[in-house]
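J.: got a predicted model here, sequence first, then my questions.
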Amino acid sequence: MKVNDQAWRSIWREGAILHVVDQTVLPHRFVSRTLHNVADVADAIQNMVVRGAPLIGVTGAYGVALAARHDASDATLNAAAATLIATRPTAINLRWAVEQTLAQLLALDVSLRASAAFALADALAEADVDTNAAIGRHGAALLRQRWENLGRPARLNVLTHCNAGWLGCVDWGTALAALYQAHDSGVPVHVWIDETRPRNQGASLTTWELAAHGVPATLIVDNAGGLLMQQGQVDACIVGADRITARGDVCNKVGTYLKALAAQAHQVPFYVAAPVSTIDWQAWDGPREIEIEVRAASEVTHITGRTTEGRVVQVQLAPPGTAAHNPAFDVTPATLVSAIVTEQGAVAATAAGLQPLRPAHQATAAASAI
Ligand SMILES: CSC[C@H]1O[C@H](OP(=O)(O)O)[C@H](O)[C@@H]1O
């Protein structure tokens, strides 16, 4: 995507050096970090320098490649994969990408692994870009259908949670890809951006992304979404995902489930945008089977911002010693999801699991919440 008229991706490689946009200092500073080894990559994922299910998957794959460049032995590559997978347990993309890259390297003679390593990770990165562009096309079509079903109002108000933009992927994004392409195609979208406590991906990242692309948007506190739906000010919700079960249960940033409940209560279509690689076909019952990452209490008791001099600082919100519980995700049951938009098109949850949305079903999904 474009930033100051220059095309950027969230991750890129120069030879054996990996560059990533440092998301911990956005929107205050747009800077990159260089990652030289597995420890750098693991730290960047764990501390959310890079974040977003698809992006941490691709970054993990590059972490395996960096390991192979250093020592391509089975033991080293298996240890590197275990380290990377352990950084964040919920998004299936991380495990999927690391295990796929590891398997492909282990199948090669040791002497060939280093040279093949980056090509494998590069291929995943390029595939992510194409996948998300396709998600954007299908998602934009669904949003256009919703807009037309509503009689082409002056604004199509869409609520999104967290950041499922190009910063959470290699490029385009998932939920935001649909919003970008709907906007570019002439659908007058306006986006309600959930701030998304405690890491504030909405307030810090989605605001910055949408402003850079000229998409009208308004930042709201997480708890305002229900009121806006009750007032008829939300025409659709669209969010990303970190893991989707074969039944269609959706694990996403904490707070998503509450939005889905409010959306169903007010007949607002609730869309999820994610690549097929986010579907965990081995899982069925999301609330029981998906491990929810629990992050540090300090993310709840403190907040990060910028001083007037531009210095990024962390300040304390709660009294010292305050206990805090910080689950990073929640699980929205399939029954609350109107449609899941993948690069292959829209799918819906049925008793038999995820099924392609036929055009007729798609019209229903765009007409009101299923
Ligand atoms: C395309 S980003 C997908 C997904 O990942 C985010 O989680 P995090 O910011 O903790 O990495 C968020 O749940 C997004 O919806």
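T.: On my side now, so go ahead. Residues are numbered from 1 along each chain as shown.
J.: got the end-to-end distance for stretch 61-79?
T.: Stretch 61-79 has an end-to-end distance of 14 Å (criterion: CA to CA, to the nearest Å).
J.: spell out which parts of the stretch 1-150 of the chain neighbour the ligand.
T.: Counting by CB under 6 Å from any ligand atom, the residues of the stretch 1-150 of the chain close to the ligand are 51, 52, 53, 54. C-beta coordinates here come from the backbone N, C-alpha and C atoms, glycine included.
J.: I'd say the last one and residue 129 touch.
T.: No: contact status for residue 54 versus residue 129: not in contact, 9.9 Å apart, counting by CB atoms under 8 Å.
J.: so for those two, which residue has more residues nearby?
T.: residue 54 (35 against 17; other CB atoms under 10 Å).
J.: mean confidence for the helix or strand harbouring that one?
T.: Assigned by DSSP states H and E, residue 54 belongs to helix 53-70. For helix 53-70, mean pLDDT rounds to 97.
J.: may I see the buried residues of the helix or strand that that helix is followed by?
T.: The helix or strand immediately downstream of helix 53-70 is helix 74-85, counting by DSSP H and E. With burial defined by 16 or more other CB atoms under 10 Å, the residues of helix 74-85 counted as buried are 76, 77, 80, 81, 83, 84, 85.
J.: ok, now which ones touch the third one?
T.: It stands for residue 80. Residues near residue 80 by CB atoms under 8 Å, 6 or more residues apart in numbering: 38, 63, 64, 67.
J.: just give me the closest of the residues you listed to residue 90.
T.: residue 63 (17.7 Å; CB to CB).
J.: from the ligand, how far off is that closest one?
T.: Residue 63 sits 16 Å away from the ligand, going by CB to the nearest ligand atom, to the nearest Å.
J.: count residues in the vicinity of that residue, would you?
T.: With other CB under 10 Å as criterion, residue 63 counts 32.
J.: is it true that it touches residue 43?
T.: No: counting by CB under 8 Å, residue 63 stays clear of residue 43, with 10.3 Å between them.
J.: which one's the longest helix in this protein?
T.: In the chain, assigned by DSSP state H, the helix with the most residues is helix 110-149.
J.: what residues does the stretch 251-370 of the chain put near the ligand?
T.: That would be 252, 253, 328, which are the residues of the stretch 251-370 of the chain within reach of the ligand (CB under 6 Å from any ligand atom).
J.: work out for me the element the first one sits within.
T.: Translated: residue 252. Assessed by DSSP H and E, residue 252 sits inside strand 250-253.
J.: touching that strand from outside, list them.
T.: Residues from elsewhere that reach strand 250-253 (CB under 8 Å, 6+ apart): 90, 161-162, 196, 201, 239-244, 256, 272, 274, 286, 290, 292, 328-332, 334, 337, 340.
J.: surely residue 244 and residue 277 touch.
T.: No: with contact defined as CB under 8 Å, residue 244 does not count as touching residue 277 (10.1 Å).
J.: those two - which one has more neighbours?
T.: Set residue 244 next to residue 277 and count neighbours by other CB under 10 Å: residue 244 wins out with 32 against 20.
J.: quick check: phi and psi at the nearest residue in space to that one that is not next to it in sequence.
T.: Residue nearest to residue 244 in three dimensions, not counting chain neighbours: residue 279, with 4.7 Å by CB to CB, 6 or more residues apart in numbering. Backbone geometry at residue 279, expressed as degrees, to the nearest 10, gives phi -80, psi 120.
J.: check residue 228 too.
T.: phi -60, psi -40.
J.: look up how far residue 32 lies from residue 19.
T.: Distance of residue 19 to residue 32, given as CB to CB, to the nearest Å: 5 Å.
J.: residue 198 now?
T.: Residue 198 is 25 Å from residue 32, by CB to CB.
J.: among those two, which residue is more densely surrounded?
T.: The neighbour count for residue 198 versus residue 32, taken as other CB under 10 Å, is higher for residue 198 (21 against 15).
J.: how about the buried residues of helix 74-85 in TSV, adding distance to residue 221?
T.: Shown next, in TSV, are those (distance: CB to CB, whole Å):
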residue	distance to residue 221
76	46
77	45
80	40
81	39
83	37
84	34
85	34
